[in-house]
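Chemist: curious how this folds, go ahead:
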Amino acid sequence: MLTWQAEDGHGLEGTRLNIGAGGAYRALSRMVRVHPDGDFTASFRLVVGSGGELQRLSITSATANRERHLTLNRTEDGYWLLDTGSGGGRNEFGGALDIDLQYSPMLNTVPIRRLDLHRSGGDHTIPVVFVSLPSLEVSQVTRTYRTVSPLDDSGHALIELQWDDNSAELVVDADGVVASYPGLATRVGPSTAPAATT
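Modeler: Prediction:
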């Protein structure tokens, strides 16, 4: 189990991450957030293929007044299929392979692992599907991930994330999982390794 605490003290995310053979993995995550516009909870399941590509993300968010659902599936021909339970759509989102979920440090792990930034290094500007919470509104954004320093003897790497006019230097562990995202959240508690699957 992995747990992140929001830097402002108003949120938590807990994730069960199962890394399988060949680099494929699955994650189940739950979030709770105290927000000036209204508190909310959210949960999501993600499935990542052996090539590091995000195949499916299912999200549920809930406020005091409403519950929302969204599932995104990526097809072999490069489209994202969106399903809200009462409607849907189909969009390329500029060829995006990754999804960024608002307030979640876990989703940044996906492009970092896919691009092997924590080990091999690199500098990539990529289109990303952005999902806001708790509204689950979807848009296309641009993110730049750049290796500042690859894995060192401490088992950590430093990755710079840039978006709009902002930037943050993410600390990731040997598995490429975000340990610290300045301005957003930091992992807390005992360091429990992701569970292996067969």
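Chemist: tell me where this protein has helices.
Modeler: Counting by DSSP state H, the chain has helices at residues 109-114.
Chemist: mind giving me the packing neighbours of the top strand by length along it?
Modeler: In the chain, with assignment by DSSP state E, the single longest strand is strand 138-149. Strand 138-149 is packed against strand 98-101, helix 109-114, strand 123-131, strand 157-163, with contacts defined by 3 or more Cβ pairs under 8 Å, 6 or more residues apart in numbering; DSSP states H and E. In this view, the C-beta of every residue, glycine as well, is placed from N, C-alpha and C.
Chemist: TSV please, covering these and showing mean pLDDT and mean neighbour count.
Modeler: As requested, the helices and strands packed on strand 138-149 are arranged in TSV below (pLDDT from 0 to 100; neighbours: other Cβ atoms under 10 Å):
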stretch	mean pLDDT	mean neighbour count
strand 98-101	97	23
helix 109-114	96	23
strand 123-131	98	18
strand 157-163	97	19
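Chemist: quick check: which of those is nearest to residue 138?
Modeler: With Cβ to Cβ as the measure, strand 123-131 is the member of the helices and strands packed on strand 138-149 nearest residue 138 (5.6 Å).
Chemist: sheet-wise, list the partners of that closest one with their directions.
Modeler: Looking at strand 123-131 with DSSP bridges, its partner strands are strand 98-101 (parallel), strand 138-149 (antiparallel).
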